[in-house]
Every structure is written in structure tokens, then in C-alpha cells.
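**Q** Next comes the sequence, and after it the predicted model I'd like to discuss.
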Amino acid sequence: MITIIVGTNRNDSISRLIAEQYADMLLQKFQQPTQLLDLQELPVDFISTALYEHTGKNEAFNAVSALIAGSEKFVFVLPEYNGSFPGVLKAFIDGLAYPNTFRHKKAAMLAISNGTQGGLLAMSHLTDIFNYLGMHVLANKVRIPQVHNHMAEGKIITPFYLELMELQAEQFLSF
């Protein structure tokens, strides 16, 4: 199963819209069903009730952790926050079982930004973390700078970026 993770807990995020578009593309073009995890669905208190000495004590977080443990492949849709990815994603990763949650599993990344870098640093930082955790990261990383200029009605519409997304998906399916 492929799990698409919306890398922010922001309400009404563009990342969520793009994650839904990516899931639809995987289903329509490649007949690949997915499941979506929006970090907005995390328990609001998970940092104080599911991490460190509280590991395993938050049933809602445990359910999300089980969903992740049952997946073999992940697509991360990352917004760029302050030159990296959102802290909620790092806290989420820190709350998962170490070291085996991501070991020997596979990830693809798509990053967005309002600026001109397209989330390049966010993907670099997350790749470093996943390398440490033993996850294999697809080299083809899609980045969409100035994302608002490439969207209409909640979807990416620029042919170049749609082509990059499809190429990444095709490579990821055989990765």
C-alpha cells in the first residue's frame, strides 16, 4: 500500500490539495489505490501524550502509527516552512517506533513553496532523516516553486509540473 502524507497540519492546505491530486493520478493513470494521511488528523496533544515516556499511550496516535507501519511506500507532499519542512512532520516521525517504522521502506517526495526554491531544502533535510532511518528515497524529487502560479481550482495545471509528477509516480511504482 502507498500512503500519501500531507506534510503539514495547516487547515485548508495546498499540500492537501496536491496530495489528493497525486492520489487521483495514481489511481486514474496507474490503477494504484492509495491511502491519505493528513497530519491535520493527528491528535492535537500528541507531542505531550504520545512521545518519549508516553510512547504507546495515546490510542489515536497508535492508530496512525499502525497505518504507517502497515505501509511499504510513502509519498510525502512537503510545503516549505522557514527553509525546511514543517516541525509537525518531524515531531510525527519522532513519535513513530524507532528504528523499524521506516527501515527498508521507500519514499518519494514532492515539495512546494511560494518562493523560487520549490522546497529544495525541505526535501534535502527530510532525505537526510530518512537515510538515517534506513528508508530508501527515490532520487527523482519533484519541486514546484511559486506554487500559486501553477494552480487553478485547487489543482496543479502547468503541463511541465504535471509531467514531472507522472514521471515520478511511474518511477516510484517500479522502485
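**A** Arrived safely, thanks for sending.

**Q** just the strands in the protein please.
**A** 2-6, 34-38, 73-79, 106-112, 136-137, 142-144, 151-152, 155-156 (DSSP state E).

**Q** any chance of those strands in a markdown table, plus distance to Ile14 and mean pLDDT?
**A** To be clear about C-beta, it is placed using only N, CA and C from the backbone, and glycine gets the same treatment. Converted to a markdown table, these look like this (distance: least, C-beta to C-beta, whole Å; pLDDT from 0 to 100):
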| stretch | distance to Ile14 | mean pLDDT |
| --- | --- | --- |
| strand 2-6 | 10 | 98 |
| strand 34-38 | 12 | 98 |
| strand 73-79 | 7 | 98 |
| strand 106-112 | 6 | 98 |
| strand 136-137 | 22 | 98 |
| strand 142-144 | 10 | 98 |
| strand 151-152 | 7 | 98 |
| strand 155-156 | 10 | 98 |
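
**Q** and Gln21, which of those strands is closest to it?
**A** Proximity to Gln21 (C-beta to C-beta) singles out strand 155-156 among the strands of the chain, at 5.2 Å.

**Q** Give the residue farthest from the middle of the chain.
**A** For the chain, the residue at maximal distance from the C-alpha centroid (C-alpha atoms, centre = their mean) is Glu53, at 26.2 Å.

**Q** for the protein, which residue is closest to the average position?
**A** Phe76 (1.8 Å).

**Q** any idea how far it lies from Leu162?
**A** 19 Å (C-beta to C-beta, to the nearest Å).

**Q** Glu170 too?
**A** Applying C-beta to C-beta to Glu170 and Leu162 gives a distance of 13 Å.

**Q** Around Ser174, count how many other residues there are.
**A** 5 (other C-beta atoms under 10 Å).

**Q** any idea of the pLDDT on it?
**A** Per-residue pLDDT puts Ser174 at 97.

**Q** what does Ala169 give?
**A** In this model, Ala169 carries a pLDDT of 98.

**Q** just checking, it touches Lys29?
**A** Yes: shown here, Ala169 and Lys29 form a contact pair, counting by C-beta atoms under 8 Å, at 7.3 Å.

**Q** who's more crowded, those two?
**A** More neighbours surround Ala169 than the other of Ala169 and Lys29, with 21 against 12 (other C-beta under 10 Å).

**Q** How about that one: what's its closest non-neighbour residue?
**A** Leaving aside its sequence neighbours, Ala169 sits nearest to Leu26 (C-beta to C-beta, 6 or more residues apart in numbering; 5.7 Å).

**Q** could you check the angle strand 2-6 makes with the helix ranked longest in the chain?
**A** Counting residues, the longest helix found in the chain (DSSP state H) is helix 14-30. Here helix 14-30 runs at an angle of 160 degrees relative to strand 2-6 (axes from the mean of the first three to the mean of the last three C-alpha atoms, to 10 degrees).
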